[in-house]
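**Student:** Below are the sequence and a predicted model for it; my questions follow.
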Amino acid sequence: MLQTKDQQWLRDVIDRLTVKMDWVSEKSRHKIPYTTVDGTHDDRAAHNPSGDVADGINWWTNGFWGGMMWLMHHETGREEYKTIAAISEEMLDRCFEEFYGLHHDVGFMWLPTSVANYRVTKNPASRRRALHAANLLAGRFNLAGGFIRAWNDLEEGDTRGWAIIDCMLNLPLLYWASEETGDARFKQIAMKHADTAMDAFVRPDGSVHHIVEFDPEYGGVVRTHGGQGYEEGSSWTRGQAWGLYGYMMSFIHTRKDEYLQTAKRISHYFVANMAEHGVIPVDFRQPAEPRLEDDTAAVIAACGLIEIAKVVGEYEQRLYLDAAIKLLRVVDERCDWSHASDAILQRGSASYHTKAHHHPIIYGDYYFMEAVFKLKGNDLYLW
Ligand code: GLY
């Protein structure tokens, strides 16, 4: 599947990953990192930077560190990674007790931790946690609108009717719950959300809205919001990547062809908008200056492109694989493989309008690892 020059590059990257994660995992073993401060991982389990209930231990990215440990365990066979993954999984139990901080991102939190653990070890406590999370996610389904509610009310107001494209990556928790229990309700909810989002989020050109606001009483789209992108009607690149990979995940779990066609449509838009240099901006429709970039969007999109390449014919496969490899190679050149930073990727951006840009974000490292293991053919598929 890979050309000779790419095979050598891939071996080198995996060597560098293995060396770096060996010491980083030890150094951060009792933390749940999100970003770095002066090169050292922060700890969302111990610290709540905003004071909001959805931050701190309930922060939506808190599953990725555990997921990185499971990927590394699968790659290296080192038992220590399993132990470190279990530490963060147990820390997340506090979220169930607090409950008020939880949101639709329970998929991001418990798929790479508890579902991964259960798939590998059959640990009954992990199964219980994952089913608990799946029930919380299913409980956010709005019957009239056919969508899963994203967030709880924000400072700026009522979000009862809000759904976001990112939720496509939470749906695999519901697919897993149906596969695990034999109860079709979870899968029905996931597919209904995916169907609603195909119409409401995906534009004719293959770009996607970040936030769609539905009428929470009667259903139907009320308006769309620019969310973490530049503005309403723009094209937040991580949102494009969530849509691309998310529809591919729904296809993998259901084999519904419309989901594959949607993933392909979003991917064609993504690839057509890639600049020659291959660096991905925060928003494909942002102004030329400042040149805000987001390597996390690049690596998430790469994961989706590689999955598409696995199910299409030989001729098409090259297009998707070449795009994925280009994204990953460009990101690799900007990684920090030294001891100066606990993080690998250094140029993530949480959203267009935040003050800080071009800093490490944990899911950048997670999806970079997932993508290179996919290319090697050794991905522990956690979704
Ligand atoms: N799911 C929120 C984000 O991608 O920033």
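**Tutor:** Cool, got the structure. Numbers count the residues shown, from 1 in each chain.

**Student:** Any part of the helix or strand where residue 363 lies near the ligand?
**Tutor:** Here residue 363 sits within helix 362-376, counting by DSSP states H and E. No - Helix 362-376 stays clear of the ligand (C-beta under 6 Å from any ligand atom), getting no nearer than 7.6 Å. (C-beta placed from N, C-alpha, C; glycine too.)

**Student:** Buried residues in that helix, which are they?
**Tutor:** Using 16 or more other C-beta atoms under 10 Å as the test for burial, helix 362-376 gives 362-375.

**Student:** does residue 177 really touch residue 183, like I thought?
**Tutor:** Yes - Residue 177 is within contact range of residue 183, at 7.3 Å (criterion: C-beta atoms under 8 Å).

**Student:** These two: which has the busier surroundings?
**Tutor:** Counted by other C-beta atoms under 10 Å, residue 177 and residue 183 do not tie: residue 177 has more neighbours, with 24 against 14.

**Student:** any idea whether that one is helix, strand or coil?
**Tutor:** When classified by DSSP: H, G, I helix; E, B strand; the rest coil, residue 177 comes out as helix.

**Student:** which residues touch the residue in the chain positioned nearest to the ligand?
**Tutor:** Of all residues in the chain, the one sitting closest to the ligand is residue 166 (3.8 Å; C-beta to the nearest ligand atom). Counting by C-beta atoms under 8 Å, 6 or more residues apart in numbering, residue 166 touches 105, 150, 210, 238-239, 242, 246.

**Student:** Just the ones of the residues you listed in helices?
**Tutor:** Counting by DSSP state H, those place 238-239, 242, 246 in helices.

**Student:** Bridge partners for residue 202, pull those for me.
**Tutor:** Beta bridges link residue 202 to residue 208 when assigned by DSSP bridges.

**Student:** So for the lengthiest helix in the chain, mean pLDDT?
**Tutor:** In the chain, with assignment by DSSP H, the single longest helix is helix 4-27. Mean per-residue pLDDT for helix 4-27: 97.

**Student:** Need the contact partners of that helix.
**Tutor:** With C-beta under 8 Å, 6+ apart as the test, helix 4-27 has contacts from 2, 41, 68-69, 72, 75-76, 80-81, 84, 325, 328-329, 332, 337, 339, 342, 344, 369, 372-373, 375-376.

**Student:** Restricting to the contacts of residue 166, which residues neighbour the ligand?
**Tutor:** residue 238.
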